[in-house]
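# Provide a 3D model corresponding to the input given below.
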Amino acid sequence: MICLLLVAGHNTVLETQIKNDGTGLYSHLVGVPKALLPGVGGKKILDFWWETVNTRQLFSEVYLVTNADKYKHYERWATANDFPVENVVNDGSTTLEGCLGAVADLELAIRSRKLQDDIMVIAGDMLCADQNFDIAQVLRFFRSKPGELAIYYELEEGERSSSRGIVEVCPESHRITRFLEKPQEGLTVSRLASVVFYCLRKATLPYLSDFLSLCPRVQDRTFGKFWEWLINEQKLPVFGMKLPTGFQLIGQVGLSNYNKWLAHYSAKQQELPGKPIVCQSYARVGLMGNPSDGFHGKTIAMTISNFWAEVTLTESQTLVLLPHPLNDPTEFGSLQDLFCISRKEGYLGGLRLLQATCKKFYQFCSKQGIALTEQNFTLKYDTNIPRQVGLAGSSAIVSATLKCLMKFYNLTDTDLPKPIRANFILSVETDELFITAGLQDRVVQVYEGLVYMDFSKELMDEKGYGEYSPMDISRIPPLWLAYLNDPSDSGRIHSNVRQRWLNGDPDVVQAMKSFAELTDQARMALQSGDWHRLAQLMDQNFELRRSIYTDECLGPGNLRMVELARQFGSAVKLPGSGGAVVGLCLDADKLVELKKAFQEAGCVFCEIVPYNPLCTSAHD
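Numbering: from 1, shown residues only. The predicted structure follows:
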């Protein structure tokens, strides 16, 4: 791979404004080429790009293409910065009227130096908001795709799409389906802006001369016009990779805009290391349909603010994952202490969840064409979600970790849409850690609040995810939750229900259809505020579950809690895999008695506080 840094443009606007400025603040910059103007972090703009590409393991040669007017400046810069002076290409132009055009400058360098390799092209006079992106990741993505590569970023608020080359990118294949050079408002909804940062395959280089032969006017020999022609007309496969940062080509701005963007990007740099990023994800209860999410059924679940997992990310010199003092013990009071803790809580805490999420996140971004910055961080977590009672404690830690990583790397819902995010969280647990899990918990923890989910086979086969519909959680009835203090018989005994379903067992197949029907009826009851009907459906949901799972699978502790709730006339069901029950008691006096009875039975009892993502919370 060969890299070409293009700095041959003539910018009469910026240069003239610096020369004519009467304040005297810019007198030392008179005549200085735009790529050698001050950039972010006190470096010259070109210094940053040279440091970025000056890697022999990645590039066999790096060339600088300039014009005759500024050649001496770049020759002096090359000598001072250990850049091979013989690799500075002079295009012979001294005025804007006599310039060749960006595509012609690139073609000149390739032709005159007889370059026969894949080419990376970067505008050396481009300000970059983030100075730490991984260019090796860019090259790996380019080599993984059967075509050319164009880097893009998401326009910041206030940036107009009509001032940039805009790309439309297929989210599945990452192929650029359309390139629009400075489109008028309304021509596209895309906010993805292409920058002069491309990779071209050796076999594609002849297209440069073909394009130039079609464009005799120098003003048409821009990269924007070239990519429009290559993508829209020639239909060559060109793929897009997102850099989650901002870019500004100084060759296109005047003095005030140069100062504005330099100050804006410099301020962003000074924010680092920023304040710690703290994200929460909440425990969930399944209200209806559980466990039909694993059987192409329907379900309704909600997040509750009673319990949550919290992850904190702080920028650091190295990447550090901090073990939790209680959940990831490495120090014990005695061998007996180790024995008792290991017997009760097992061997696996939350640290593995942090590590697996980070590993999967990097892998996901690499495949999705998102070049992450080379920044390190320290992750730590805390959680008060009870373990082994089916309230989705593990997925809450993964979900909160993912939120932190997305904020740290400036990723949005466009990069990782909510349905895909739920799939990602599930894959961390199933693919990386071999945890048996379904989508329900991950969906509701991503969307938050009260969510109706349809996992029909047709939807899952077509899109890879279901239909997820948030509901009005402010209309939820008063619910309670109780769970076992010692969840050793929480119902996690292996059952054969899934195998029976796969084998087409008519009882199980019919039960899953009935779960879906109950879910649709519960949705109507919730929407209409019919709590008596909802209570009936909750009871039916449990009995349906009991009809296909043996009492041994359900667990004696779970059955005792169900029977206790029914003694006080409360509707009750399991909210997850077992170890807890969720109920609806419409009689306030009986609810008080119910609470006492559960507490006297050695259970933990609490009234559910729904988590509403639309309201500010202490843990938001």
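
# Can you list the low-confidence ranges for the stretch 401-550 of the chain?
Residue ranges of the stretch 401-550 of the chain with pLDDT under 70: 487-495.

# Revised request: answer the last question for the chain.
In the chain, residues with pLDDT under 70: 131, 251, 268-274, 290-294, 348, 487-495, 616-620.

# now with 50?
489-494, 617-620 (pLDDT under 50).

# Show me what counts as buried in the lengthiest strand in it.
In the chain, ranked by residue count with DSSP state E as the criterion, the top strand is strand 298-316. Counting neighbours by 16 or more other Cβ atoms under 10 Å, one finds that the buried residues in strand 298-316 are 298-314. The way it works is simple: take the backbone N, C-alpha and C, and place the C-beta from them, glycine included.

# Stretch 247-257 now?
247-255.

# what's that stretch in contact with?
9, 11, 13-14, 17-18, 21, 26, 34-35, 37, 45, 123, 125-129, 153, 163, 193, 195-197, 258, 261, 265 (Cβ atoms under 8 Å, 6 or more residues apart in numbering).

# Among those, which ones are in strands?
Short answer: the contacts of stretch 247-257 in strands (DSSP E) are 123, 126-128, 153, 193, 195-197.

# Dump the residues you listed to CSV, plus neighbour count and distance to Met406.
Converted to CSV, the ones in strands among the contacts of stretch 247-257 look like this (neighbours: other Cβ atoms under 10 Å; distance: Cβ to Cβ, whole Å):
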residue, neighbour count, distance to Met406
Ala123, 23, 28
Met126, 25, 25
Leu127, 21, 24
Cys128, 23, 21
Tyr153, 24, 16
Ala193, 21, 20
Val195, 21, 22
Val196, 23, 27
Phe197, 23, 23
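
# Now tell me what touches the next helix or strand after the longest strand of the chain from outside.
Sequence-wise, the next helix or strand downstream of strand 298-316 (DSSP states H and E) is strand 320-321. For strand 320-321, contacts defined as Cβ under 8 Å, 6+ apart pick out 351, 354-355, 358, 376-380.

# does Asp539 count as helix, strand or coil?
helix (DSSP: H, G, I helix; E, B strand; the rest coil).

# so how many other residues sit close to it?
19 (other Cβ atoms under 10 Å).

# And Ser163, by the same measure?
Neighbours of Ser163 (other Cβ under 10 Å): 12.

# for the spatially closest residue to it that is not a sequence neighbour, what are its contacts?
Take Ser163 and drop its neighbours on the chain: the residue closest to it by Cβ to Cβ, 6 or more residues apart in numbering is Lys182, 6.3 Å away. With contact set as Cβ under 8 Å, 6+ apart, Lys182 has these partners: 162-166, 224.

# which residues of the stretch 151-300 of the chain fall in strands?
165-169, 176-181, 192-200, 238-242, 247-249, 277-288, 298-316 (DSSP state E, counting those that start in this stretch).

# Extract the C-alpha set from the fourth one and format it as CSV.
The one in question is strand 238-242. The C-alpha trace of strand 238-242 is given here as CSV (Å, rounded to 0.1, in the frame of the first residue of the first chain):
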residue,chain,number,x,y,z
VAL,A,238,-17.1,1.4,-3.4
PHE,A,239,-17.5,0.7,0.3
GLY,A,240,-17.8,3.2,3.2
MET,A,241,-16.1,3.3,6.6
LYS,A,242,-17.2,5.6,9.3
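
# How far off centre is it?
A distance of 17 Å separates the centroid of the chain from that of strand 238-242, by Cα atoms, centre = their mean, to the nearest Å.

# Give me the neighbour count for the closest residue to Leu29 other than its chain neighbours.
Leaving aside its sequence neighbours, Leu29 sits nearest to Ile18 (Cβ to Cβ, 6+ apart; 5.2 Å). Applying other Cβ under 10 Å, we find 22 residues neighbouring Ile18.

# And Ile18, how far from Asn259?
For Ile18, the distance to Asn259 equals 11 Å [Cβ to Cβ, to the nearest Å].

# Among the contacts of Lys182, find me the one that's closest to Ser427.
Ile166 (31.7 Å; Cβ to Cβ).

# Skipping its backbone neighbours, what lies nearest that closest one in space?
Leu180 (4.6 Å).

# Output stretch 561-579 as PDB, nothing but the C-alphas.
Included here for stretch 561-579 are C-alpha records, laid out as PDB according to Å, rounded to 0.1, in the frame of the first residue of the first chain:
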ATOM      1  CA  MET A 561     -44.000 -18.300  46.400                       C
ATOM      2  CA  VAL A 562     -46.800 -18.800  43.900                       C
ATOM      3  CA  GLU A 563     -49.000 -20.600  46.400                       C
ATOM      4  CA  LEU A 564     -48.300 -18.000  49.000                       C
ATOM      5  CA  ALA A 565     -49.400 -15.100  46.700                       C
ATOM      6  CA  ARG A 566     -52.600 -16.900  45.800                       C
ATOM      7  CA  GLN A 567     -53.500 -17.300  49.500                       C
ATOM      8  CA  PHE A 568     -54.000 -13.500  49.500                       C
ATOM      9  CA  GLY A 569     -55.800 -13.300  46.200                       C
ATOM     10  CA  SER A 570     -53.000 -11.900  44.200                       C
ATOM     11  CA  ALA A 571     -52.300 -12.700  40.600                       C
ATOM     12  CA  VAL A 572     -48.800 -14.100  40.200                       C
ATOM     13  CA  LYS A 573     -46.300 -15.500  37.700                       C
ATOM     14  CA  LEU A 574     -42.600 -16.000  37.200                       C
ATOM     15  CA  PRO A 575     -40.900 -12.900  35.700                       C
ATOM     16  CA  GLY A 576     -38.000 -14.800  34.400                       C
ATOM     17  CA  SER A 577     -36.200 -18.100  34.600                       C
ATOM     18  CA  GLY A 578     -37.000 -18.600  38.200                       C
ATOM     19  CA  GLY A 579     -36.100 -17.500  41.700                       C
END
